[in-house]
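[1] pasting the structure only:
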């Protein structure tokens, strides 16, 4: 599953335009998520499947919002994605006991407010 997980992280960074990558089109995103879901259904452990579903729910609500998302919604989306990453890392054998909430988010989100680091 490691290549599948790497692909998702790479896609996430490309959506943000990081690393000089061109953001994917809506069609490319839909195709990628469909193919990823197929792989996760067969190969991913329960924890990854559950967190994938939870993140998709949060992301779908955000995408359905017609107005700009409030900071709380943006943070909820990022926290759900971090939980997915943690589930993937657990599947790969990482224990991650020393990581605190938002430890992973802080690697790629520079402006997390300090008050949001105390818990998920």
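    Here it is on my side, so go on. This one's a predicted model, so the numbers in the text were calculated from it and none came from an experiment.

[2] remind me which residues of the protein are low pLDDT?
    Flagging of the chain using pLDDT under 70 yields the residue ranges 16-19, 66, 113-120.

[3] Give me the residue at the spatial middle of this structure.
    With distances taken as C-alpha atoms, centre = their mean, residue 81 lies nearest the centre of the chain, 2.8 Å away.

[4] So which elements touch the lengthiest helix in the chain?
    Counting residues, the longest helix found in the chain (DSSP state H) is helix 71-91. Secondary-structure packing of helix 71-91 (3 or more C-beta pairs under 8 Å, 6 or more residues apart in numbering; DSSP states H and E): helix 2-15, helix 46-64. In short, each C-beta sits where N, CA and C put it, glycine included.

[5] buried residues in the last one?
    Applying a neighbour-count criterion of 16 or more other C-beta atoms under 10 Å, one finds 48, 51-52, 55, 58 buried in helix 46-64.

[6] any chance of those residues in TSV, with distance to residue 88 too?
    TSV is the format used below for the buried residues of helix 46-64 (distance: C-beta to C-beta, whole Å):
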residue	distance to residue 88
48	6
51	8
52	9
55	11
58	17
